[in-house]
Every structure is written in structure tokens, then in C-alpha cells.
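Participant: sequence and predicted structure are below.
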2 protein chains.
Amino acid sequence: MKILFLLGEEFEDLEFFYPYYRAMEEGHTPVVAWKEKGRLTGKHGYPIDADIAFRDVRPEEYDSLVIPGGKGPSHIRDDKNVKSIAKEFLESRKPVGAICHGPQILISAGVVKGKAMTSFISVKDELAGAGANYEDKAVVIDENLVTSRHPGDLPEFTNALLIQLRNIGKSINDSIELSE
Amino acid sequence: MKILFLLGEEFEDLEFFYPYYRAMEEGHTPVVAWKEKGRLTGKHGYPIDADIAFRDVRPEEYDSLVIPGGKGPSHIRDDKNVKSIAKEFLESRKPVGAICHGPQILISAGVVKGKAMTSFISVKDELAGAGANYEDKAVVIDENLVTSRHPGDLPEFTNALLIQLRNIGKSINDSIELSE
């Protein structure tokens, strides 16, 4: 399956690379989107080459969305393409993972009202102000939305996302079997 | 299962944190050893608190050993406890993973002669000089020894190690069934 990562400069390196490598390990295809194709750098100095610009992303081509934290989200949250991508994934019920400052993108996209969510502690009040129900837990799952607080939650965050992807896989296989 | 990580200051952050979090995700218990209990820092600035000092490690209490790269190995390769730990794991046929500069520890421990191995490119000549058979591949497996070249190999490196651990688990279960 294809997993889209939304990045901004000074992204939190582990919060990107852990699910990125993990997707590869699971046999999925990770795709990195940024404001342009080309190289950007995490806040700890790790470089990554973006595969595609936000304006060229067609959400219907992907199975899941991941939004790492760090300072990346603050750099890209006002981008209209970023907002429409996040909205489309969440509303089409595809698995969406956002960790640390990642939920800021979902606030800007206007899709958090009534959602059970967590985030980095400094984003808590902004989330509550936008109508989300904040919980201080390693991973909070509300339908297709998976959120976590910080890099230390990565094992639980990534595991929860991968379970959602496996369930999609099973549903697709079930549909194929039924139609045969 | 318990997985021991041998760290030195300026370890390669991703090469430690990816298998460390991955072990947690799999339900294993990672344990970090350093010259002392307490905080050390990766070359990209991530901190980690070591759980145990090298001198207090009893290899028989662990199921697997992981040696990340970066500058960490050069700081600890002459430590006699580090050398004896590495030797004991390798000779007792427990899964040993070493990535990037990690194989330097195994060279100092005197256990690489005749082994098929890889490493960061700059360690290639030292490995060959110590009698290892160097291969330029993402992951090289020689019995219980798993080696890789750099952070980009982490998905394949970690997957290969986890497969070895699952096989140990199966062998143990088979023995239990046979003895019942």
C-alpha cells in the first residue's frame, strides 16, 4: 500500500524515520511530500528527499497519511494544498496518523471537532480550543485517526497505524473473495 | 525476550532508536548498556539513559545483542567487558546485529575471522584485514550474525534480526511441546 508523509522543514527526525522505515519493513511504499520535490532537513539534521510537491498530490492514489511533528507542521499548516490533503484523507476514512505537533495540520484543516485526540503537551490547548477531546495517552484512536504525543510513543503509534492498514488489506481480500 | 544494546557516546541515533523502538513494538524488552548507568547522547543529539554498566552485564540473561554504529563503537571497542560480551553472544549462537561502525566491536572482540559480513564502507578494509569476507549488501547474514551498512538499511537489518528472534521463540515452543 502507498503511505503519504507530509513534511515541513525541521520535522522531528525520529517521528518521520521510524514510521517511514517501518512502512518499508512491512512492504508498503512510503512517499514523502513537501512544498517542492527535493531535499529538506529534520531538526536533528537528518536529510530526506521529498518525492512530490504538495500541489501534485492526488490523495486517491494513497492508502494512508502520516504527519510527523517537530517544527515541520508550523511551516506548512497554512498551505492550502496541505489542508485539503489532510481533510480528504480524514473524511475518506483512510488511516491518518499524526504525532506530537502533527495534529496542528488537522486543526488548520478544520477536521478535529469532536475527535478524541492527543498531541505534544504544548498543542493541548489549541486542540481543545478547536473542539477536540484531548486525552493524555500514548496513542488515541478515533475511527481512522491515530494520534500520539512524542517520539517515545512511536512503537504504539506505528503499531496502531499498521493494524489499521492490515484491516484494510483484510477488507479488500474479503471483498475479492465475496465477489468471486 | 531481552535484547541488549551496546552504546558509546555519539552513537548513530537512528541505528539505535529504530531497532530499540522496534523491539518494544514486537513485545521484547530492550536494555541499554554503556560504560556507566546514566545519560549519553547520540551524534544527532538524542539522549538515552543507559540501564546498566558494561561491567554488570551478564550475557546469559539476554536473548540477543544489537550494536549500533556512529562514533559510539570507537569509544568503547577497547573496553574489556565490551569485548567479552560481544564474544559470548556470538559464540553462544544468540542473534547478534551490528550496523555501520558496529562491526568494529566484533573486530576488537576477535570474532570476525571467516565470517560473511558488511559494514559502513570506511570499515571495509579493517574488516577484511581481520579476516572477514566483506559483502556490499543491505544485510548480510552468517548464522547468528546479522550486519548492515548504514541507516538506510535499517528496515532490512531489523527485519532479519526479528526473524532470528522469532525462530528462537519457535524452537523454544517446539522443545516445550516435545517435552510434554
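Facilitator: Arrived safely, thanks for sending.

Participant: how near is the closest residue to A:Asp78 other than its chain neighbours to B:Ala23?
Facilitator: Closest residue to A:Asp78 apart from its sequence neighbours, by Cβ to Cβ, 6 or more residues apart in numbering or on different chains: A:Ser108 at 6.6 Å. Quick note: C-beta positions are derived from backbone N, CA and C, even for glycine. Here the criterion is Cβ to Cβ, to the nearest Å. By it, A:Ser108 lies 35 Å from B:Ala23.

Participant: tell me which of these two has more neighbours.
Facilitator: Counting neighbours by other Cβ atoms under 10 Å in any protein chain shown for A:Ser108 and for B:Ala23 shows that B:Ala23 has the greater number, 24 against 21.

Participant: the helix or strand hosting A:Ile48 pairs with which strands, parallel or anti?
Facilitator: Using DSSP states H and E, A:Ile48 sits within strand A:47-50. Strand A:47-50 has the following strand partners under DSSP bridges: strand A:38-41 (antiparallel).

Participant: can I get the strand it pairs with as PDB, trimmed to CA atoms?
Facilitator: This file holds the C-alpha atoms of strand A:38-41, laid out as PDB (Å, rounded to 0.1, in the frame of the first residue of the first chain):
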ATOM      1  CA  GLY A  38      13.900  17.800  -3.300                       C
ATOM      2  CA  ARG A  39      15.900  17.800  -0.100                       C
ATOM      3  CA  LEU A  40      14.800  19.000   3.300                       C
ATOM      4  CA  THR A  41      16.300  18.500   6.800                       C
END
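
Participant: distance from the chain centre to that strand, please.
Facilitator: 18 Å (Cα atoms, centre = their mean, to the nearest Å).

Participant: pLDDT averaged over it, what's the number?
Facilitator: Strand A:38-41 carries an average pLDDT of 98.

Participant: helices or strands up against the lengthiest helix in chain A?
Facilitator: Counting residues, the longest helix in chain A under DSSP state H turns out to be helix A:154-179. On a contact count with 3 or more Cβ pairs under 8 Å, 6 or more residues apart in numbering or on different chains; DSSP states H and E, helix A:154-179 meets helix A:13-25, strand A:64-67, strand A:96-99, strand A:145-148, helix B:13-25.

Participant: next, see if the last one gets close to chain A.
Facilitator: It refers to helix B:13-25. Yes. Helix B:13-25 reaches chain A (Cβ under 8 Å from any Cβ of the partner chain) through B:Asp13, B:Leu14, B:Phe17, B:Tyr18, B:Tyr21, B:Arg22, B:Met24, B:Glu25.

Participant: just checking: what are the partner strands of whichever helix or strand comes after that helix?
Facilitator: Following helix B:13-25 in sequence order, the next helix or strand is strand B:29-34 (DSSP H and E). Sheet pairing for strand B:29-34, assigned by DSSP bridges, gives strand B:2-6 (parallel), strand B:52-53 (parallel).

Participant: winner for burial among those strands?
Facilitator: The highest average neighbour count among the strands paired with strand B:29-34, using mean count of other Cβ atoms under 10 Å in any protein chain shown, belongs to strand B:2-6 at a mean of 23.

Participant: quick revisit: what angle do the longest helix of chain A and helix A:13-25 make?
Facilitator: Relative orientation of helix A:154-179 and helix A:13-25, computed by axes from the mean of the first three to the mean of the last three Cα atoms, to 10 degrees: 30 degrees.

Participant: how about the residues of chain A by chain B?
Facilitator: A:13-14, A:17-18, A:21-22, A:24-25, A:44-46, A:151, A:154-156, A:158-159.

Participant: pick out the residue nearest the middle of chain A.
Facilitator: A:Val66 (2.0 Å; Cα atoms, centre = their mean).

Participant: just confirm that one contacts A:Phe17, I think it does.
Facilitator: No. The criterion here is Cβ atoms under 8 Å, and A:Val66 misses it with A:Phe17 at 11.3 Å.
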